Structures are given as C-alpha cells and as structure tokens.
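>>> What follows is a predicted structure for the sequence shown.
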Amino acid sequence: MSAGRIDPMEQFHVAPLTRPIHLGAFDISFTNSALFMVIVGGLLAVLVSGGLKRQLVPGRWQALVEMMVGFIDNMVGTSIGKGGKKFAPYIFSLFFFILISNLVGVLPLAIVPGLHTFAVTSHITVTAVLAFFSFAIVLVVGFAKHGLKFFSLFVPHGAPAWLMPVIIPVEFVSFMVRPFSLGLRLFVAMTAGHILLEVFGSFVVQGLNAGGALGPVVAILSFIMIVGVSALELLVCAIQAYVFALLTSLYLHDAVHLH
Amino acid sequence: MPQLSQISEIYASQLFWLAIVFALIYFGIGKAMVPKIERTIDDRDARISGDIAAAAAARDTARADEERYQAGLDTARAQASKAVAEAKASATAQAETALKAGDAAAATRLAEATQAVASAKQTAVSEIETATVEAVESILAKLSGVTVDRARIEQQVKAELAHG
C-alpha cells in the first residue's frame, strides 16, 4: 500500500498475530482470521446471553433474541419439516456465525488507523469447511436414518424408467456438487464485495492525489458508489447467510425425508 | 488472491480455530442457550393460549348465568302477571256481587218507602176529606141551619176535591 499503490487483495491476507504455534506437522498459529472468529463468537455469545432473562414480557434485547430464535425455528420448521427441530441449534449457529462474520467484515473500522476488520467468510478455507461439515451431517443423518435406501434420493419420482440412466448420474453429480457450490457461493460473494469496496476506496484516494480538474470528480463519484455498494453489501451479508442456512436446511430435509 | 495462494500455509490454522470457535458456538449457544429461549417462547405461548381459553370459559359461564338469570326473570314476571290477573278477576267478581246485593237492598227499601209514602198520602187524603165534610156540615148548619144529608156532602166534597 506504499506510494499510492493500493492492493485490493491485501485485506484478505492472513498473518499470525503471535509466535507460530505448531501441532505436530501443522501450523495452527493464532492469526488475524482466528482473532475475528473469536470476536464473532464473542459477539454472538454476548448478544444471545442478553436474551436469557426469560421474562414473561420481554424487553427489547430479549425480544430481539427471541426473534432470532423464532426466525431459525420457522426456517427449520418450513424447510426440514417434521423431525427438523433437533437441527435448529446447528442452523442457528451456522446462520448467525456467518451473518455476524459478514457484518463484522464490512464494518468501516479501517477509518481508525491500524484497525482493519477481517471478513472470516471471505476465505474459502472457512466457507468450505462449513459447507463440507453441513454436507457430512446430511450424509450421516441420511445413511443413519435410511441406510442404503438413502440412494433412492437420486431416483426422482415419476420419471420414466428409460430416462434413469441419464437422470441418476445427473442427480448424483448435482448432489455431490452441493458442498462446493455452498462454500464457493459465500466465499465469492463476500470476496467480490470487499474487492469492489476496496477498489472504489482506492479510486477516492488516487483521485484526490491526482489533482487536476478530473481527479476530485472521480473521487466524489467513487465515494457515492461506495455508499451504494456498502448498502448492497449489507443486503448481501444477510442474503448469503440466509442462503447458506436455508440450503443446509433443505439438504437436511432430503436427508430426513428423502424428497 | 491470498485465499488461494496462502491455502497451504493457513489451512490448518483456519480449520483448527474455526473448529474451536464453531464448537464453542454450537455447544455454548446453539445447544445451551437457544433451547432455553425456545422454552421461554413456548411457555409464553402456552400461557397466552391458556389465558385465552380461561377467558373464553369464563365468558361462556357468564353468558349461561345471564341466560339463567333472564329465564328466571321471565318466569317470575309471568307468575307475577298471572297473580295480578287472578287478583283483578276475583276483585271484580266480588265487587259485582256486592253491587248486586246492594242494588237489591236499595230496591227493596225504595219499594217499602214508596208504599209508606202512598199509604201516608191515602191517610192524609181521607183525613182531609173527613175534616172538609165536617167543616162544610158545620158551616151549613151555622149559616142556614139546614141539616144536609151527610152522605150528600161527602159526595159533593169528593167531587170538588177531585177537581182540585
């Protein structure tokens, strides 16, 4: 970021904050990414524990937390249906971990020198783990509940028999692609949004530094774009978290009910 | 793109810390706090629906009481008006009987009085006749010294009195 060169990728850089920690052959140093995971977990813990007062008439905080829980229960109830209640804690953890990670990532705290928020969910190493973990739960639940009948998931109802040689491979591939699309979607959406914000931000700085007549115009237009893109990013934060949780519950529906 | 170029050096750290944080979130929040909040919501919903049911039951009881009260009121009113009608009828009948008896008594007394008046008049008229005849006889005797047949005077007086 020296001499006016602003690297929009620098914000995704992961660096150890402490001395490197090794576990066997693995490097498990506490990085800035790990720090923001802990921050997200702490924020969520503070938020939810504030709603534990169990009053008959809820205060604002309790009403908010009950709304969050009710939202997840409702999604689980409609998407998974009967027998989905036991997945509510997982969907709750998933949705709010992703949502708060996304929101913390777009906090404009970089205006304070030296402070730079980090979007945990802009890393494929995080989103892929969450996606494959969800996929693993689907497989475990599906095989535990239905045994080998779980493979009937690849045989759609009502399709003519002569189409089966085509449909079953297609269904199988689309099933196996699920974790990749789940993880990639969140990673790409968050990364793209952050790059866009950073690029427009660098336009503002470079426009102001360039001088001349055109420079400030570019800077002002870019700043207006940042405002718009930030609003859009807030929407994307919520939508991506919702999509991740909703798709996970729909996949769990398949595992519990087979179709 | 650090997400891809750094993978080989950071994947273990990312996985390790994500596993720890997500496990803490899942067991500390999802498993421990969320069910409590769900129970709070369920308890409140149960209490609200219980209260509504109790209120509905109380309303039904009140409505039944009201109906019973109205029915009792109607019965009492019907009984009262029946009693009033009976009392009125018996009073009217008594009054009529008494009136009839009174009328009869009055008529009897009227007849007796009329008879008494008539007989008194008769007596008075015959006394007047007698007195007139005697007066005429004495006047005749004093003025003319004629003794007239008493029967003739009586006849004459009767005729004059009848003319008025």
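On my side now, so go ahead.

>>> can I assume residue B:146 sits in a strand?
No: using DSSP: H, G, I helix; E, B strand; the rest coil, the assignment for residue B:146 is coil, not a strand.

>>> Phi, psi for it please.
phi -90, psi 130 (degrees, to the nearest 10).

>>> what number of residues lie near the residue of the stretch 51-200 of chain A found nearest chain B?
The stretch 51-200 of chain A approaches chain B most closely through residue A:89 (3.2 Å), counting by CB to the nearest CB. C-beta coordinates here come from the backbone N, C-alpha and C atoms, glycine included. Look at residue A:89: counted by other CB atoms under 10 Å in any protein chain shown, it has 22 neighbours.

>>> Mind telling me what element it is part of?
helix A:88-105 (DSSP states H and E).

>>> as a whole number, average confidence for that helix?
In this model, helix A:88-105 carries a mean pLDDT of 94.

>>> ok, which stretches of chain B are strands?
Remark: strands of chain B are absent; assignment by DSSP state E.

>>> residue nearest the centroid of the chain?
Going with chain A. residue A:98 (3.9 Å; CA atoms, centre = their mean).

>>> nope, chain B
residue B:81 (5.6 Å).

>>> got a list of what it touches?
Shown in contact with residue B:81 (CB atoms under 8 Å, 6 or more residues apart in numbering or on different chains): no residues.

>>> okay, it: pLDDT?
Residue B:81 is assigned a predicted lDDT (pLDDT) of 96.

>>> repeat for residue B:33
Per-residue pLDDT puts residue B:33 at 92.

>>> Residue B:28 now?
For residue B:28, pLDDT reads 94.

>>> Repeat that for residue A:231.
Residue A:231 is given a pLDDT of 94.

>>> Also residue A:82?
At residue A:82, pLDDT is 85.

>>> How about residue A:5?
In this prediction, residue A:5 has a pLDDT value of 64.

>>> Could you do the one 4 residues further on as well?
In the prediction, the pLDDT value recorded for residue A:9 is 81.

>>> before we move on, what about the one 5 residues further on?
Here the pLDDT value assigned to residue A:14 is 86.

>>> Check the secondary structure at it for me.
Residue A:14 - assigned by three-state DSSP - is coil.

>>> Could you pull up the residues touching it?
Applying CB under 8 Å, 6+ apart, the residues contacting residue A:14 are A:31, A:32, A:33, A:123, B:2, B:6, B:10, B:13, B:14.

>>> cool, and residue A:17?
Residue A:17 touches A:29, A:30, A:31, A:32, A:34, A:35, counting by CB under 8 Å, 6+ apart.

>>> how does it look with 6 Å?
Contacts for residue A:17 were tallied using CB atoms under 6 Å, 6 or more residues apart in numbering or on different chains; they are A:30, A:32.

>>> What's the per-residue pLDDT of it here?
Looking at residue A:17, the pLDDT reads 85.
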